[in-house]
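Undergrad: need a 3D model of the sequence below.
(chains A and B)
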Amino acid sequence: MSEAREFKHIGQRTIRPDGFDKVTGKANYGADLSLPGMIWGAILRSPHAHANIKKLDVSRAQASPDVLAIATFEDFPSVNAAAQRNGSQRKDLMDTACNIFANQKVLYHGHAVAAIAARSQAAAIAALDLIDVEYEVLTPVLNINDAISADAPILHETMMTQGLAEPATEASNVSARMELKKGDIEAGFAAADVIVERAYDTPTVHQGYIEPHATTVVFNDNGPSMIWCPTQGHFDVRARVAQLMNLELGQIKVVASEIGGGFGGKTTVYLEPVALILSKKSGRPVKMEMSRGDVFRASGPASASQSRIKIGAKMDGTITAMQATLHYEAGAFQGSPMGPGCMTVFTPYDVENLYVEGFDVVVNKPKVAAYRAPGAPQSEFAAEMAVNELAKKIGMDPIEFRLKNAAKEGTQTIYGPKLKVVGLVACLEAAKSSPHYNAPIPENVGRGLAAGFWFNIGGQSSVIINLNPDGTGTIIEGSPDIGGSRASMQMMAAEILGVAPSSLNPIVADTEHVAYNQTTGGSRTTFATGMAVVEAAEDIVEQLKARAAAMWNVTAEQVDFTDGVAHNLSGEDQLTLAEICASAEKTGGQISGRANINARGAGPSFAVHICDIKVDKETGKTDVVRYTAIQDAGKAIHPSYVEGQFQGGAVQGIGWALNEEYVYSKDGIMENAGFLDYRIPLASDLPEIEAIIVEVPNSFHPFGVRGVGETGIIPPLAAVGTAVAEAIGQPISSLPCSPPKILKLLMAAH
Amino acid sequence: MVALTYHAPDSLEEAVQLLSTARQPVKVLSGGTDLIIQMQGLTQDERLVVDVKKIPGMRAADWSDDHLRLGPSMSCSQFTKRQDIQAVFPGLVEAAYLIGSTQVQGRASLGGNLCNASPAADTIPALIVNRAVCLIQGPNGTRRVNVEDFLTGVGKQCLASDELLVAIEVPKPAARTSDAYLRFIPRTEMDIAVAGAAVSVTLDDDGVCSNARVAIGAVAPTAILVPSAAEALIGTKLDDDALHAAAAASSQAANPISDRRGTVEFRRHVVGVLTKRAAKIAANRVGAV
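TA: Residues are numbered from 1 along each chain as shown, chains lettered A, B, ... in the order given. Below you'll find the predicted structure:
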């Protein structure tokens, strides 16, 4: 692609096609579908964090005329048979099943034990009292230190640590260890003039999407069963439910409703298989929804972490070695984002000698789910805090220090590939010349800066574009829109077809109306589905040329198509796209374009954030007074939604750093399962997040796109942590920087 | 469907009659911003509601010669719009303005805030420093109870099951008197006080504090009056030493718990800081009069 290329639609700020319905309340979300004959499901959840189920007796419920169906773990088909048939990992499938319904043991406060369907939600909730459960309460394991201690209660008797040098011989709460290395770490530290070594920890946090999980399901014995739900990936909901229920993919149809936030948290299943079981047993459509408390207690939060970081540098600012030991809480079942955490921790730096060790640790908390750049905010927080401290120690500006060591094209990553063209240096330069960085630091204010790296992915996307006889059309895609992607699809198709974006209606089709699409995640949609949209539009252009050629009695090679108009290169004739569509009946029927791709070449996105924080020295209260987010978008298709991603990521990261955390009693009961006491930032808490879009094009995308959805949540943790440390003159080692913690540091210093 | 039994009487007598003849404790409804949440999980039989806000006078606020008579069901948004009240009790008005959100304030009431008796209720310390009195009506007539004595524990007050709070009387303050209320929350709004402090001061013409009252919230089972903090202010020009002494007295009087919102040490310290700051604001307001 040419960098100087001029676009007609791309880069404009068009009105999003889904906006009107959303602001007028017409859009249908997860809880909005009701069907004739529909009944309600409700879930009985564990009041204990860790307990054996001695008895689960549903006979009283069974006998009640109000109860139309009951579901428990026993209603899952044999996981062995299902795993074999679907070729999925047995262990993984078993964990998913055991998370949806406890299997003889409850592993966190709020863990589902059984479900009931009744005629109303109130009746279903009331009937839960008819289920008799006897628990043998066990000591809960609530943090990494407790989990890895020698006398820790073991959550899973069969869990043996994978990835040790010597095979494990005893059960452990550490499910896996991993190691990545590059160069000679010892030699690297030996060459350093200054070494910083620090430990950091971060709390359990939730994605905090506003819409609770909800679903309406209709079981159908003679055709596909229907699942309606808000999800980031309805094809993967279909696959997961099919695996769990031992069905063929064709026996399930999933419709993705509008979605009220996901941020990675709506990439798995909780209610859908339960509602399917209840619908099958009752013969009725079944609706289920989580309360806000259920969402906090039983849907995936993000891992708490403990990190130890050691970095060495020469006095000239050259980093000689970086080392990390990273522990991630996985929640009740293995599978924290330890892997990406280890892979990303030092990627912003081009350093010879690296060593990273990661541990995946189970605890009595809900199983973690993805949250924007899963694993990276925790590890890069630790790395960036230490980098800032090291820069200060050797007396270098944090931007200059990073520029001296910045990853760039050709940098060998610790996880395998060499980086292609990336925008870290461009982001650092933009930060250096930004109004914010050049503004003096006000009194009582600390300033922090941090970088962030995330890979981004491509993957499978399928798109159909149908043109109507009047030249308008429909873009049929299968990527749930969690950030304005429908607007971007319109713009990319319009750019190729030379029509107005608003003439193309983008729809997210259900699993029956378009071929498989990977989940919206990994910042893939504008890149990969966008690439499929471009290919489908180009497919149409070829057809338009052929149709015009047929009308002019020339060959398709003699037709040029530019800005929505076909030109006969052998004459003066012109036909607009609408004119070609109007005569499609005579030239071979209606026109559709199609693309089914596995997109390669996703471009990583780097970011640099700058944060100014004021601290009330008498109370420890923090106030973000200025914040700037700078990030490489490759090419911003719709700048407003790119800025929205930067701002949203920054705000979630600020919340993580300042006040968000799961608070547990010593018995493992979550004490702040609501937005009153789980404190995400409010609009009034924050200044306008200044967004600066850097564009270093990704040559693998027709317009140069890099995914932007995730990187923005990475830098805030260390930008905020450093700003607070600067403001109070004390090192920060633990998030969140909540007022009691900050006041304690201030008082200890006096 | 949530079923409940609902009455909306037109008179105090009818309301008291309903309270005293009910088979079980009645839930008295004003704005419902606390009550409706608390009713989740109750059985249908337990949901016996008497809505008192339709009774004449329950949403009014009228001045008499020596006091302001507040209808307990007046919404915070109506209350905070009353510039005549704001001019006299700016601290009380700012306390009401801190409750919930704009939407919540459309329903929430001072009487509800009082009867719900949360240790963290924002308006209670401000009512206490202004010497507010509760007028209570029961089957055998009415009685008067000072706000600081009205509260008996976490979520508890001295109303008998057949009694109703019918008015809050706030005496007109002496000349050169003003008040202020501050609370600590980690965010800017939509939160519950981690600590709160209200201060009322009267200054003489030389700027010497001739009278003061200090009340603190969210640091004990009920909001409490702190005479020792007031004494630290009286007779001074609210210099740093006096403010420091008042802060120390509030911290000393606090008897907080550690929970998801804050620790004992944090609350104890911060309630002192708030006392000091609120005293300064109240004094500045007198100066501005």
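Undergrad: which residue is the nearest non-sequential neighbour of the residue of the stretch 151-300 of chain A found nearest chain B?
TA: Residue nearest to chain B within the stretch 151-300 of chain A: A:Ser291 (9.5 Å; C-beta to the nearest C-beta). Every residue, glycine included, has its C-beta placed from N, CA and C. Computed as C-beta to C-beta, 6 or more residues apart in numbering or on different chains, the closest residue to A:Ser291 that is not its neighbour in sequence is A:Pro212, at 6.8 Å.
Undergrad: all helices of chain B, in order?
TA: Secondary structure of chain B (DSSP state H): helices at B:12-21, B:35-38, B:76-81, B:83-88, B:90-97, B:102-105, B:110-116, B:123-129, B:147-150, B:227-233, B:240-253, B:264-288.
Undergrad: closest to chain A out of those?
TA: Each of the helices of chain B was scored for nearness to chain A using C-beta to the nearest C-beta, and the closest is helix B:264-288 (4.0 Å).
Undergrad: anything in the closest one near chain A?
TA: Yes - interface with chain A: helix B:264-288 contributes B:265-266, B:269-270, B:273 (C-beta under 8 Å from any C-beta of the partner chain).
Undergrad: top of those by neighbour count?
TA: Using other C-beta atoms under 10 Å in any protein chain shown as the neighbour criterion, B:Val270 leads the residues of helix B:264-288 next to chain A with 33 neighbours.
Undergrad: that older thread, tell me how far the residue of the stretch 151-300 of chain A closest to chain B lies from A:Ala31.
TA: Distance check for A:Ser291 against A:Ala31: by C-beta to C-beta, to the nearest Å, it reads 11 Å.
Undergrad: does the residue nearest the centre of chain A sit in a helix, a strand or a coil?
TA: Nearest residue to the geometric centre of chain A (C-alpha atoms, centre = their mean): A:Gly264, 2.9 Å. Here A:Gly264 is coil, with the state taken from DSSP: H, G, I helix; E, B strand; the rest coil.
Undergrad: measure it to A:Arg372 for me?
TA: A:Gly264 sits 6 Å away from A:Arg372, taking C-beta to C-beta as the criterion.
Undergrad: what is in contact with those two at once?
TA: Here A:Gly264 and A:Arg372 share the contacting residues A:Gln207, scored by C-beta atoms under 8 Å, 6 or more residues apart in numbering or on different chains.
Undergrad: let me see the contact set for the residue nearest to B:Val145 when sequence neighbours are not counted.
TA: With C-beta to C-beta, 6+ apart as the measure, B:Cys134 is the residue that lies nearest to B:Val145, at 4.8 Å, once sequence neighbours are left out. Going by C-beta under 8 Å, 6+ apart, B:Cys134 touches B:114, B:144-147, B:150, B:165, B:167-168.
Undergrad: can we see that at 6 Å?
TA: Neighbouring residues of B:Cys134 by C-beta atoms under 6 Å, 6 or more residues apart in numbering or on different chains: B:145, B:150, B:165.
Undergrad: roughly how far apart are it and B:Thr142?
TA: On the measure of C-beta to C-beta, B:Cys134 and B:Thr142 end up 10 Å apart.
Undergrad: could you report the pLDDT at A:Gln89?
TA: Here the pLDDT value assigned to A:Gln89 is 79.
Undergrad: number of residues surrounding it?
TA: A:Gln89 has 12 nearby residues by other C-beta under 10 Å.
Undergrad: for the closest residue to it other than its chain neighbours, the count of nearby residues, please.
TA: Counting by C-beta to C-beta, 6+ apart, A:Gln89 lies nearest to A:Ala83, which is 6.9 Å off, once chain neighbours are set aside. Residues lying near A:Ala83 (other C-beta under 10 Å) number 19.
Undergrad: which residues are contacting the one helix or strand A:Ala83 maps to?
TA: Using DSSP states H and E, A:Ala83 sits within helix A:79-86. Defining contact as C-beta under 6 Å, 6+ apart, one finds that helix A:79-86 is touched by A:90, A:93-94, A:97, A:243, A:246.
Undergrad: highest mean neighbour count out of the helices of chain B?
TA: Of all those, helix B:123-129 carries the top mean neighbour count, a mean of 32, counting by mean count of other C-beta atoms under 10 Å in any protein chain shown.
Undergrad: return the subset of the contacts of helix A:79-86 lying in helices.
TA: A:90, A:93-94, A:97, A:243.
Undergrad: of those, which is the most crowded?
TA: Highest neighbour count within those, by other C-beta under 10 Å: A:Gln243, with 25 neighbours.
Undergrad: where does the chain dip in pLDDT?
TA: With no chain named, the answer covers chain A. Low-confidence segments of chain A (pLDDT under 70): A:1-4, A:85-88.
Undergrad: my bad, the chain I had in mind was chain B
TA: Using pLDDT under 70, chain B drops low at B:1-2, B:288-289.
Undergrad: so which residue is dead centre in it?
TA: Nearest to the geometric centre of chain B sits B:Ile124, at 2.0 Å (C-alpha atoms, centre = their mean).
Undergrad: just to check, it is in contact with B:Ala223?
TA: Yes - using C-beta atoms under 6 Å, B:Ile124 is in contact with B:Ala223, at 4.1 Å.
Undergrad: for B:Pro173, the count of nearby residues, please.
TA: Neighbour tally, B:Pro173, other C-beta under 10 Å: 18.
Undergrad: report how many residues lie close to residue 174.
TA: In the absence of a named chain, this looks at chain A. Counted with other C-beta under 10 Å, A:Val174 comes out at 23.
Undergrad: actually, chain B is the one I wanted.
TA: 10.
Undergrad: wait, it sits on B:Leu203?
TA: No - using C-beta under 6 Å, B:Ala174 is not in contact with B:Leu203, being 10.1 Å away.
Undergrad: measure the residue of the stretch 151-300 of chain A closest to chain B to B:Lys53 for me?
TA: For A:Ser291 relative to B:Lys53 (C-beta to C-beta), the value is 28 Å.
Undergrad: just want to know which of these two has more residues nearby.
TA: More crowded of A:Ser291 and B:Lys53, by other C-beta under 10 Å: B:Lys53, with 21 against 16.
Undergrad: just to revisit the earlier point, report the two of the residues of helix B:264-288 next to chain A separated the most.
TA: Using C-beta to C-beta, the two most remote members of the residues of helix B:264-288 next to chain A are B:Glu265 and B:Val273, lying 12.9 Å apart.
Undergrad: which residue does the stretch 51-200 of chain B have closest to chain A?
TA: Residue nearest to chain A within the stretch 51-200 of chain B: B:Thr188 (4.4 Å; C-beta to the nearest C-beta).
Undergrad: surely that residue and A:Pro687 touch.
TA: No - with contact defined as C-beta under 6 Å, B:Thr188 does not count as touching A:Pro687 (11.7 Å).
Undergrad: how does chain B divide into domains?
TA: The record's domain parsing of chain B by automatic domain parsing lists B:5-51, B:61-171, B:193-288.
Undergrad: how far off centre is the first one?
TA: Domain B:5-51 sits 22 Å away from the centroid of its parent chain (C-alpha atoms, centre = their mean, to the nearest Å).
Undergrad: that domain: end-to-end distance?
TA: Taking C-alpha to C-alpha, to the nearest Å, domain B:5-51 runs 11 Å from one end to the other.
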